[in-house]
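In: here you go, sequence then predicted model.
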Amino acid sequence: MGILKKERDFVLPGDKIVESLDYLPGKNCFRDGNSIYSKRVGLVSFKGRVIEVIPLTGMYIPEPGDMIIGEIKDVQFSGWAVDINSPYQAFLPLSGVREFIDPAKMDLSKVYGIGELIYAKVTSVGPSKGVNLSMRDPSARKFKNGRIIKITPVKVPRVIGKKGSMINLIKERTACRIYVGQNGVIWLQGENEPLAAKAIKMIEEMSHIEGLTNYIENLLKNEGKIKGQVMK
Amino acid sequence: MNIQNQYIRNLITKGDRIRGRALDQYRDIVIEKNPIKNAEGSALVKIGKTEVMVGVKLDIGEPFADTPDEGILIAGAEFSPIASPEFELGPPGENAIELARVVDRGIRESKCIDMKKLCIKKGEKVWMVNIDIQPLSHDGNLIDAAGIAAIVALMNARLPKLEDDKVVYGEKTDTTLPVNDIPIPVTVAKINGKLFVDPDLEEEDSIDARLTITTKSNGNVCALQKGRTGSFSFEEIEEAIKISVRKGKEIREIVKSLKT
């Protein structure tokens, strides 16, 4: 049969993309018999012999190495249960914390209490999606104040941009401190934070259009001028 | 406490809101009437991203013994998981029951339906009005959306055809329900002594207390419901009533402009 879908065709989960052994399934695809099918709602992308589906929407599926923003949900005997805006709950074990803690002598909720936000690294994802976190990364930290906004996790690469171009633009123009979690949770703090939040929401809504960086640059310039708070 | 809740509380204390609204500003209200063909009357109300569908179903039943010449009004709400990941299947929880009761109380106590006119044969047969509330998307302030949807659905309901005292569904007559008032619920939320209307989902998580006030066309208060653990002082309740009379009037104009 050969190739059934073209580049950038819209596919649903279970849609057949090719019926041939010449291609390999990449991200968000799987092989069954001779054919390759899509796992997600999204657009087809051919990368040589590898077929990928770029998802348009969906939950955050944790992968080792991701930096995420999570909320402490429970303090347990040997660690913390963390909500990572995903179908799977994560666990931050005592071994994942920088300081030495003796759970027999110390109150774990003094270190991280329920409701606190942390920027942590996913260290491992087990076969049944048991997620382990670690704070032993140099950039890992706890957030004291500021605010969060949530976006669709699949749009996170657009918010960050090529080599961080988009997020650096927003940081520069609004003088906000911004941390982007791969799980779609974004933490920000600063004077001009409503403008930064607006820009991020706009990126999420218009992620498909071309020249988005220029558009956002104009938005930040114009809105910043009205408020008289352009910062460089 | 979560830093997001703390952030929202600080903003409200300063008189700002997370989506840039004024304290007494509703999100955009969109009302669609009679979207369901099989119901005698229905309405879909959207307040921002909150969506509530209300259907009115009419049936014939026996009246209660203490009111033999009056119709019966029943309101029920069901929170299905389609509206929010926090809603679970199963029997209605306390929030669903509260929602149904607040809507029911607003309509019953405003006496906007002339119950005597719903009597077919005294002591034997009366119309039963079932109001079914189904949130489709939960982004805060379900009570106001459900209350508006319920009254719009009632205003647009038509009695079905009667044949030998049996209801023939699918054939509607031109007779409408005897609705003669438009009660509008307005929920006033409180954070650190500041009062504001129409909390969205994030704001609802951070509020101290809320007070739902249903007002009639003439500005009379006909129902109250207080929620959450915080409290209101006398002055705050007076202020809240003033806000709800004013906002109720604005929403009532939107509802009236629909009626054709």
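Out: That came through, no problem.
In: mind listing what's buried in stretch A:29-40?
Out: Across stretch A:29-40, burial judged by 16 or more other C-beta atoms under 10 Å in any protein chain shown covers A:29, A:35-40. Where you see a C-beta, it was placed from the backbone N, CA and C, and this is true even at glycine.
In: check whether stretch B:39-54 comes near chain A.
Out: No - using C-beta under 8 Å from any C-beta of the partner chain, stretch B:39-54 never reaches chain A; the gap is at least 12.9 Å.
In: now do the buried residues in that stretch.
Out: For stretch B:39-54, burial by neighbour count (16+ other C-beta under 10 Å) applies to B:39-48, B:50-54.
In: can you classify B:I31 by secondary structure?
Out: Under DSSP: H, G, I helix; E, B strand; the rest coil, the three-state class of B:I31 is strand.
In: ok so, going back, what's the most distant pair in the buried residues of stretch A:29-40?
Out: The span of the buried residues of stretch A:29-40, defined through C-beta to C-beta, is set by A:S35 and A:R40 at 16.5 Å.
In: gap between the residue in the stretch 151-260 of chain B that chain A sits nearest to and A:D15?
Out: Relative to chain A, the nearest point of the stretch 151-260 of chain B is B:E202 (9.6 Å; C-beta to the nearest C-beta). Between B:E202 and A:D15 the computed distance is 36 Å (C-beta to C-beta, to the nearest Å).
In: what residues does chain A put near chain B?
Out: Selection of chain A residues close to chain B by C-beta under 8 Å from any C-beta yields A:71, A:115-117, A:143-148, A:194.
In: now, these that are in helices?
Out: Per DSSP state H, helices hold the following members of the residues of chain A next to chain B: A:P194.
In: select only the buried ones of the residues of chain A next to chain B in ChimeraX?
Out: Buried members of the residues of chain A next to chain B, defined by 16+ other C-beta under 10 Å, are picked up in ChimeraX with:
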select /A:71,116,117,143,146,147,148,194
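In: contacts for the lowest-mean-pLDDT helix or strand in chain A, please.
Out: Ranked by mean pLDDT, DSSP states H and E, the helix or strand of chain A with the weakest confidence is helix A:212-227, at a mean of 75. Surrounding helix A:212-227, the residues in contact under the criterion C-beta atoms under 8 Å, 6 or more residues apart in numbering or on different chains are A:158, A:161, A:165-166, A:169-170, A:173-174, A:192, A:195, A:198-199, A:202-203, A:206, A:209, A:230-231.
In: what is the neighbour count of the residue in the stretch 51-200 of chain B that chain A sits nearest to?
Out: Closest to chain A within the stretch 51-200 of chain B is B:P85: 9.7 Å, counting by C-beta to the nearest C-beta. By other C-beta atoms under 10 Å in any protein chain shown, 8 other residues sit near B:P85.
In: and for A:E210?
Out: 7.
In: residues of chain B that sit close to chain A?
Out: B:1-4, B:6-7, B:18, B:20.
In: center of chain B - which residue?
Out: Per C-alpha atoms, centre = their mean, the C-alpha nearest to the average position across chain B is that of B:G147, at 1.2 Å.
In: by how many degrees do the helix or strand that contains that residue and strand B:29-33 diverge?
Out: Of the helices and strands defined by DSSP states H and E, B:G147 is found in helix B:142-155. Interaxial angle, helix B:142-155 versus strand B:29-33 (axes from the mean of the first three to the mean of the last three C-alpha atoms, to 10 degrees): 30 degrees.
In: show me the residue at the heart of chain A, geometrically.
Out: Centroid-nearest residue in chain A, with C-alpha atoms, centre = their mean: A:Q182, separated by 1.9 Å.
In: what about chain A, any weak spots by pLDDT?
Out: Along chain A, segments meeting pLDDT under 70 span A:1, A:224-232.
In: can you check the pLDDT for the residue of the stretch 51-200 of chain B closest to chain A?
Out: Looking at B:P85, its pLDDT stands at 87.
In: which strands border the helix or strand of chain B with the lowest mean pLDDT, and is each parallel or antiparallel?
Out: Sorting the helices and strands of chain B by mean pLDDT, DSSP H and E puts strand B:166-176 at the bottom, at a mean of 86. Strand pairing for strand B:166-176, using DSSP bridges, gives strand B:158-163 (antiparallel).
In: in chain B, which spans are helices?
Out: For chain B, the helices defined by DSSP H occupy B:3-14, B:94-109, B:142-155, B:201-206, B:234-258.
In: and the shortest one, how far out from the chain middle?
Out: Computed by C-alpha atoms, centre = their mean, to the nearest Å, the chain-centroid distance of helix B:201-206 equals 19 Å.
In: what about it, average pLDDT?
Out: Helix B:201-206 carries an average pLDDT of 91.
In: in terms of secondary structure, what does it contact?
Out: Helices and strands in packing contact with helix B:201-206 are listed as helix B:3-14, strand B:184-191; criterion 3 or more C-beta pairs under 8 Å, 6 or more residues apart in numbering or on different chains; DSSP states H and E.
In: tell me which of B:E202 and A:D15 has more neighbours.
Out: Using other C-beta under 10 Å as the criterion, B:E202 and A:D15 rank with B:E202 on top: 20 against 16.
In: wait, that one sits on B:Q6?
Out: No - using C-beta atoms under 8 Å as the test, B:E202 is too far from B:Q6 to be in contact (11.9 Å).
In: residues contacting B:D198?
Out: B:D198 touches B:21, B:25-27, B:47-48, B:140-141, B:144, B:187, counting by C-beta under 8 Å, 6+ apart.
In: which one of these sits closest to A:F77?
Out: Nearest to A:F77 among those is B:G140, at 36.3 Å by C-beta to C-beta.
In: just the buried ones from the contacts of helix A:212-227?
Out: Buried residues within the contacts of helix A:212-227, counting neighbours by 16+ other C-beta under 10 Å: A:158, A:161, A:166, A:169-170, A:173-174, A:192, A:195, A:198-199, A:203, A:230.
In: save those residues as CSV, and put in secondary structure too.
Out: Shown next, in CSV, are the buried ones among the contacts of helix A:212-227 (three-state DSSP):
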residue, secondary structure
A:R158, helix
A:G161, coil
A:M166, helix
A:L169, helix
A:I170, helix
A:R173, helix
A:T174, helix
A:N192, coil
A:L195, helix
A:K198, helix
A:A199, helix
A:I203, helix
A:V230, coil
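In: from the residues you listed, pick the one nearest B:C222.
Out: Closest approach between the buried ones among the contacts of helix A:212-227 and B:C222, by C-beta to C-beta: A:K198, at 40.2 Å.
In: let me see the contact set for that closest one.
Out: A:219, A:223.
In: and B:G106, by the same measure?
Out: So B:G106 contacts B:147, B:150, B:183, B:185, B:214, B:222-223 (C-beta under 8 Å, 6+ apart).
In: just B:T67 next, same as before
Out: For B:T67, the contact set (C-beta under 8 Å, 6+ apart) comprises B:M115.
In: pLDDT score for it?
Out: You'll see B:T67 listed with a pLDDT of 91.
In: quick one: the residue nearest to the centre of chain B from B:G227, how far?
Out: 14 Å.
In: over to A:K144?
Out: A:K144 is 31 Å from B:G227, by C-beta to C-beta.
In: same deal with B:F234?
Out: Here the criterion is C-beta to C-beta. By it, B:F234 lies 19 Å from B:G227.
In: how about A:G79?
Out: 36 Å.
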